[in-house]
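K.L.:
Next comes the sequence, and after it the predicted model I'd like to discuss.
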Amino acid sequence: MKRIQYLRQLFDAILAEAEANSAFAERLSAALTDPGRARPAARSGRRKAGVIDPFALYSQGELRLREALVALDVEQLKDIVAEHGMDLSKLAMKWKTPDRLVDMIMTTVRNRSQKGDAFR
């Protein structure tokens, strides 16, 4: 029974504040009618999928991969880096020049593709 009394006090306090404060009443109304508008949308923290598969292009030759990478903008390059987990330190996501990103992708793809060659 005490819980019901606490809830009644809570709602009475909310109603009293809504009657006294029109801005609070508006926010409360927005929250009750459209919860998505009452607060900002949550960020997923995820980037788009890369527009190319650098490993598939590398298998056609380094030059083919470099040509494809040079044609992309910075955000598309960052999408590739993120998709393939190429930037564990998260530093490349701050880079603004495509040349740095292209070089990093080329090096990472080359290293990962050649991993284990000593055992062949």
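P.N.:
Yep, that arrived.
K.L.:
who touches stretch 99-113?
P.N.:
For stretch 99-113, contacts defined as CB atoms under 8 Å, 6 or more residues apart in numbering pick out 54-55, 58-59, 62, 65-66, 69-70, 74, 77-78, 80-81, 84, 86-87, 92, 95. No exception for glycine: its C-beta is placed from N, CA and C like everyone else's.
K.L.:
What lies in contact with stretch 52-59?
P.N.:
64-65, 68-69, 72, 80, 84, 105, 109-110, 112-113.
K.L.:
Filter those down to just the buried residues.
P.N.:
Neighbour-count burial (16 or more other CB atoms under 10 Å) applied to these gives 65, 68-69, 72, 80, 84, 105, 109.
K.L.:
Tell me the buried residues in the longest helix belonging to the chain?
P.N.:
Taking DSSP state H as the criterion, the chain has its longest helix at helix 2-20. Going by neighbour count (16+ other CB under 10 Å), the buried part of helix 2-20 is residue 18.
K.L.:
ok, residue 7 to residue 25 distance?
P.N.:
Counting by CB to CB, to the nearest Å, the separation of residue 7 from residue 25 is 20 Å.
K.L.:
next one: residue 51
P.N.:
48 Å.
K.L.:
can you map out the helices along this structure?
P.N.:
Under DSSP H, the chain gives helices at 2-20, 22-33, 35-38, 54-58, 62-70, 74-83, 98-114.
K.L.:
Dump those helices to TSV, plus distance to residue 47 and mean pLDDT.
P.N.:
Converted to TSV, the helices of the chain look like this (distance: least, CB to CB, whole Å; pLDDT from 0 to 100):
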stretch	distance to residue 47	mean pLDDT
helix 2-20	40	87
helix 22-33	31	80
helix 35-38	23	48
helix 54-58	15	93
helix 62-70	16	94
helix 74-83	4	93
helix 98-114	13	93
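K.L.:
between the ones you listed, which gets nearest to residue 46?
P.N.:
Closest approach to residue 46 among the helices of the chain (CB to CB): helix 74-83, 8.0 Å.
K.L.:
which of the residues in that closest one are buried?
P.N.:
76-83.
K.L.:
hang on, the earlier thing: quick one: which of the contacts of stretch 52-59 is nearest residue 18?
P.N.:
Of the contacts of stretch 52-59, the one sitting nearest to residue 18 (CB to CB) turns out to be residue 80, at 50.4 Å.
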